[in-house]
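**Student:** please work out how this folds:
(one chain, ligands or ions: 1)
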Amino acid sequence: MGEVDPRLYGSFIEHLGRAVYGGIYEPGHPSADEQGFRTDVLELIKSLNVPIVRYPGGNFVSGFNWEDSVGPVEQRKKRLELAWRTIEPNAFGLNEFMDWCRKANTTAMMAVNLGTRGPHEARELVEYANHPSGTYLSDLRIQHGYKEPHNIKTWCLGNEMDGPWQMGGKTAVEYGRIAAESAKMMKWVDPTIELVACGSSGTFMPTYPEWEATVLDLAYEQVEYISLHRYYQNHKRDSATFLARSLDMDDFIKTVIAVCDYIKAKKRSKKNIYLSFDEWNVWYHSNEADKQIEPWQVAPPQLEDVYNHEDALVVGCMLISLLKRADRVKMACLAQLVNVIAPIMTENGGRAWKQTIYYPYLHASVFGRGTVLVPLVHSPKYDCSEYTDVPYVEAVAVHNEEAGEVTVFAVNRHLSETLSFDVDLRSFGAASLIEHLVMDSDDPYAVNTADQPDRVKPRRSEGTVARGEASSFAAQLPKASWNVLRFKV
Ligand code: AHR
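**Tutor:** Numbers count the residues shown, from 1 in each chain. Got it, this is the predicted structure:
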């Protein structure tokens, strides 16, 4: 169906809450290296094999002066940060982030400020970051200790510009024009870069999907990607509906592809626009706590969702949705990576641990590389308060030709029943099971904490057996479970 672009398993670090300060960067922490980067956190991130990390926002980027974040640290300005009502000390900035990326074995997806700033500052940032030398800005980078250009390839043209909550929010026409002009000038500085235009902040936006059509009409030839953002909630504790939320994600992806192709046809263009689903996750647990946080602190504990087992299943379903359209979704960012709605949590000065959602993300990133096979899934279905005909089993398969492996990812949405799951790999000839990993729990609300970091984690299931001819397998998917079935082919 489609080659998986490794950047499908990207993530996101915003200057928000304790993502940077106390998350990836904490000078004085027992595990901090000479640059103040937490090596305990780096290790957890490296295991995830994250190919790209979006930075520095999010809503933060729409008020960000990149110049504040470079040069001698003691001279950097502390700023009021209006998106999240905090104080930004700028102790960690662009160059530190690039160093951190190298240590985390990842690359940067850099966002420019098209809220309070515009094309001029955007192209200056590209010049500072990517131009080799011989101009004021490139030489300034060298003076700051970075002789080699960073060569940042992927750039986001602003963030959620359709949102009234965004500093400098815009109408689709205002944004489409500014995105096109910024893109033009940024590419004049460095023609090798690729650009992501802002799509809608979610399907709930009143301007969706007209926003995408207008923006692409104005910037089609200047950009390569359009962004999608989506977070799901379960405030009502309606598990059947919550677990079906990825159906909305499927629709969202389908609609944005249709809009891209409509504009392609309208313009008689040969070029495809690809999708960058650069914010996706479950986000709701911390909503009330965030309202109690006093404004104007440095790195308060914002958006610190503690994820339960059920959230991990929704994240698993969302990963399957992304994989099913890997032919058009080329990049995606689990938002975010550390402490802020994140798979990894830390204590300031203390421990770091894996949340429940760490595991489906880990499995997809490690085993979900290759060519996506969209299987014919025969599953019983259910109705819930917001969806009808929801398949109990959500599944996708990925063929890694190089490794000679097929991995099937499957979620059983049934809340009370184990389901039999037959896998037929006959087109691969003989196959053998490597392992069946399963993540299930007696308590859908079980969470991992610093004291109990392993309460919810995957285990090996021993029940999966080959049937007769060795290309067909019978597995059991426990109620409300995430499953990874790995086969040698
Ligand atoms: O990821 C948290 C926030 O969600 C981002 O800053 C913003 O882009 C989105 O609304």
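**Student:** how many neighbours does M167 have?
**Tutor:** Close neighbours of M167, defined as other Cβ atoms under 10 Å, add up to 18. Backbone N, C-alpha and C define where each C-beta goes, glycine included.
**Student:** give me the beta-bridge partners of the residue nearest the centre of the chain?
**Tutor:** Centroid-nearest residue in the chain, with Cα atoms, centre = their mean: C333, separated by 1.5 Å. On DSSP bridges, the residues paired with C333 through beta bridges are G10.
**Student:** which residues does it contact?
**Tutor:** C333 makes contact with G10, S11, F12, I52, V53, R54, M109, S276, F277, D278, E279, W280, according to Cβ atoms under 8 Å, 6 or more residues apart in numbering.
**Student:** taking those one by one, which sit in strands?
**Tutor:** Among the contacts of C333, the members falling in strands (DSSP state E) are G10, S11, F12, I52, V53, R54, M109, S276, F277, D278, E279, W280.
**Student:** which one of those residues is nearest the ligand?
**Tutor:** E279 (5.4 Å; Cβ to the nearest ligand atom).
**Student:** near the ligand, which residues of the stretch 101-250 of the chain are found?
**Tutor:** N159, E160 (Cβ under 6 Å from any ligand atom).
**Student:** so what pLDDT did the residue in the stretch 1-150 of the chain positioned nearest to the ligand get?
**Tutor:** With Cβ to the nearest ligand atom as the measure, G58 is the residue of the stretch 1-150 of the chain nearest to the ligand, at 2.8 Å. pLDDT recorded at G58 is 97.
**Student:** with V465 instead?
**Tutor:** So V465 comes in at 79 (pLDDT).
**Student:** go on, P343?
**Tutor:** 98.
**Student:** please name the nearest non-neighbouring residue to T214.
**Tutor:** What sits nearest to T214 in space, not counting adjacent residues and going by Cβ to Cβ, 6 or more residues apart in numbering, is A172, at 3.7 Å.
**Student:** am I right that the one you found is in contact with D162?
**Tutor:** Yes. Look at A172 against D162 with Cβ atoms under 8 Å: they come within range, at 7.1 Å.
**Student:** overlap in contacts, these two.
**Tutor:** Common neighbours of A172 and D162, counting by Cβ under 8 Å, 6+ apart, are T207, W211.
**Student:** count the residues that sit near D454.
**Tutor:** 8.
**Student:** could you pull out the helices for the stretch 1-150 of the chain?
**Tutor:** Secondary structure of the stretch 1-150 of the chain (DSSP state H, counting those that start in this stretch): helices located at 39-48, 94-103, 119-130, 136-143.
**Student:** contacts for the longest one, please.
**Tutor:** Same thing as helix 119-130. Everything outside helix 119-130 that qualifies as a contact, by Cβ under 8 Å, 6+ apart, is 65-66, 70, 94, 110, 112-114, 135, 137-138, 140-141, 149-152, 155, 157, 178, 181-182, 184-186, 188-190, 193.
**Student:** rerun at 6 Å
**Tutor:** 66, 112, 137, 141, 149-152, 181-182, 185-186, 189-190 (Cβ atoms under 6 Å, 6 or more residues apart in numbering).
**Student:** stretch 132-143 too?
**Tutor:** With Cβ under 6 Å, 6+ apart, stretch 132-143 has contacts from E124, E127, Y128, H131, P149.
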